[in-house]
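# would you be able to build a 3D model of this:
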Amino acid sequence: MSENPEEPKKPAELTKLSGIAIDMDLSSELRTKAIDLIGNLGGHESLLALLELAANENLNVNERDLALKRAREIIKSGR
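As a prediction, the model looks like this:
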């Protein structure tokens, strides 16, 4: 059993937020908010998700730049 009850929620939440962040049918504002929330989660999984978003050529430049910025923040904070 996991010591941290938040652990099982994190991957599911991360999966949902990543799906929102790449859904081109949604507004740019919603995708941007999802990217910010992924950055707020922190951790290795969030870092990888943000880097994947930054590499996604379907997203606009500002969204990709935000994903890189949030990934940088995770790296600097050591979360």
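# max-length helix in the chain?
Ranked by residue count and defined by DSSP state H, the top helix of the chain is helix 61-77.
# what's in contact with that one?
Residues lying outside helix 61-77 but in contact with it, judged by C-beta atoms under 8 Å, 6 or more residues apart in numbering, are 21, 28, 31-32, 35-36, 38-39, 42-43, 46-47, 50-51, 53-56, 59. Backbone N, C-alpha and C define where each C-beta goes, glycine included.
# wait, N58 sits on D25?
No - N58 sits out of contact with D25 when judged by C-beta atoms under 8 Å, with a separation of 11.7 Å.
# state the distance from I20 to L53.
In this view, I20 and L53 are 11 Å apart by C-beta to C-beta, to the nearest Å.
# show me where the protein has its helices.
Under the criterion DSSP H, the chain contains helices at 9-22, 28-41, 44-55, 61-77.
# ok so, going back, which of I20 and L53 has more neighbours?
Neighbours per residue (other C-beta atoms under 10 Å) separate I20 from L53, with L53 holding more: 25 against 16.
# which residues does that one contact?
Contacts of L53 were listed using C-beta under 8 Å, 6+ apart, and they are 18, 21-22, 35, 38, 59, 63-64, 67.
# quickly name whichever of the residues you listed is closest to K10.
Using C-beta to C-beta, the shortest approach to K10 within these belongs to I38, at 10.6 Å.
# which residue packs closest to L59, ignoring adjacent ones?
Leaving out its chain neighbours, the residue that sits closest to L59 by C-beta to C-beta, 6 or more residues apart in numbering is L53, at 6.5 Å.
# what number of residues lie near the spatially closest residue to K10 that is not a sequence neighbour?
Closest residue to K10 apart from its sequence neighbours, by C-beta to C-beta, 6+ apart: L41 at 6.3 Å. Using other C-beta under 10 Å, the number of residues around L41 comes to 21.
# many thanks, have a good one.
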